[in-house]
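J.: Have a look; sequence and predicted model below, questions after that.
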Amino acid sequence: MKRTELKELGEFGLIDHLTKAFAHKHASTIKGVGDDAAAIRYASEGPLTLVSSDMLVEGIHFDLAYTPLKHLGYKAAVVNFSDIYAMNARPKQLLVNMALSNRFSVEAMEELYAGIQLACDIYGVDLVGGDTTSSLKGLVLSLTIMGEQAADKVVYRRGAKAGDLLCVTGHLGGAYLGLQLLEREKQIFLEQPDMEPDFDGEEELVGRLLKPEARQDIIAFFEEQKLVPTAMIDISDGLSSEALHLCKQSGLGLLLEEVHVPIKEKVYRKALDFNLDPLVCAMHGGEDYELLFCIDPKDADKIKYNMDISIIGEMVPAADGIRLQTKGGKLMDLVAQGWTHH
């Protein structure tokens, strides 16, 4: 029997492969696999329900050597909220499932849940249940978030049109540089346990990784401006990967301009300190949890005074390809460097 290695498909190829034979049996299923959240209609009138889940595994998604449990709980909740905001909706209810080994105490779990509670309080979300079981080794968290939005305001990945402007919130690459800082200090500690970690002046970058925020402010801005993006996704796996998802789902190409990719000066300088290309950090780093979205050009005036939104490209016909235009004017094919199975 032929054996296919998981790395041959990658995360999204694996999901597509495993789910391609599943057909929807219920008219209430409006959108299933392939977006930031599933969309479900439980009543003929009223809002759609959005549902998403996310799993965090110790040693893969977080390292407790430098991740405080309260920060981990906060981040685990917020990254789920971000999936709902990526549908132009608001998160409402949260379920928390976890598997934990006997190395964790009650007090440790209190710290974890203090972070979850803080996130729920800040973002107005109710914790409504979950499940707990044993793990032979380490900690595994699996959270499910539910939200809602009027059907005509829900935004999917598939709605972009040629000529739409591609926009991104905030700045990129900070979380990846925060990871580099933490990994560096961990290695120094392992070699010299008496050394104190040195994060002086780098709190913002470390915070981008350990305590990210979801962009509920942008959803409020859209509502205020009566603006509904044509397509949207949140940036968890990196700008390049998420841009390719929008192109695939919308059946389009893309011209992305390097000169407009938002990179803070602090991120730029720190990338050079690590002998890294700042653009590579911004394009492929991931875990920034900013929003990547498309708008009709006629709505450009609605965002031009928002200094936290950058127009970084234009959606084009699929035949034109998915390309990055460098600062020097060179055109390069855009390639994603997302999750791979080890």
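T.: That came in fine, so what should we check first?

J.: Tell me the secondary structure at the residue nearest to the spatial centre of the chain.
T.: Centroid check for the chain by C-alpha atoms, centre = their mean gives residue 236 as the closest residue, at 2.5 Å. Under DSSP: H, G, I helix; E, B strand; the rest coil, residue 236 falls in the coil class.

J.: wait, what's in contact with it?
T.: Neighbouring residues of residue 236 by C-beta atoms under 8 Å, 6 or more residues apart in numbering: 79, 82, 242, 286-287, 289. To be clear about C-beta, it is placed using only N, CA and C from the backbone, and glycine gets the same treatment.

J.: Quick one, which of these are buried?
T.: 79, 82, 242, 286-287, 289 (16 or more other C-beta atoms under 10 Å).

J.: Tell me where the stretch 201-342 of the chain is predicted with low confidence.
T.: The stretch 201-342 of the chain contains residues with pLDDT under 70 at 337-342.

J.: the helices in it, which residues?
T.: For the stretch 201-342 of the chain, applying DSSP state H, counting those that start in this stretch gives helices covering 203-210, 216-225, 239-250, 265-273, 278-284, 300-303.

J.: Could you do the stretch 51-200 of the chain as well?
T.: 69-85, 106-123, 174-191.

J.: any idea how far residue 329 is from the closest residue to residue 326 other than its chain neighbours?
T.: Using C-beta to C-beta, 6 or more residues apart in numbering and skipping residues adjacent in sequence, the residue nearest residue 326 is residue 258, 5.0 Å away. In this view, residue 258 and residue 329 are 10 Å apart by C-beta to C-beta, to the nearest Å.

J.: show me what contacts residue 310?
T.: 167-169, 260-262.

J.: can you do 6 Å?
T.: Residue 310 sits next to 168, 260, 262 when contact means C-beta atoms under 6 Å, 6 or more residues apart in numbering.

J.: dump the residue contacts of the last one.
T.: Same thing as residue 262. 171, 310.

J.: Can you give me the end-to-end span of stretch 296-306?
T.: Start and end residues of stretch 296-306 are separated by 16 Å (C-alpha to C-alpha, to the nearest Å).

J.: hmm, who's touching that stretch?
T.: Contacts of stretch 296-306 (C-beta under 6 Å, 6+ apart): 165, 225, 227, 309.

J.: tell me which residues of it are tucked away?
T.: 296, 299, 302-303.

J.: Where do the domain boundaries of this structure fall?
T.: 32-152, 165-333 (automatic domain parsing).

J.: could those domains go into CSV alongside distance to residue 26?
T.: CSV is the format used below for the domains of the chain (distance: least, C-beta to C-beta, whole Å):
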stretch, distance to residue 26
domain 32-152, 9
domain 165-333, 22
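
J.: gap between residue 182 and residue 63?
T.: From residue 182 to residue 63 the distance is 8 Å (C-beta to C-beta).

J.: who's more crowded, these two?
T.: More neighbours surround residue 182 than the other of residue 182 and residue 63, with 21 against 14 (other C-beta atoms under 10 Å).

J.: How about the contacts made by that one?
T.: Per C-beta under 6 Å, 6+ apart, neighbours of residue 182: residue 66.

J.: gap between it and residue 77?
T.: 21 Å.

J.: ok, now residue 207?
T.: 16 Å.

J.: Same question for residue 203.
T.: With C-beta to C-beta as the criterion, residue 203 and residue 77 are 21 Å apart.

J.: Which one of the two is surrounded by more residues?
T.: residue 77 (28 against 11).
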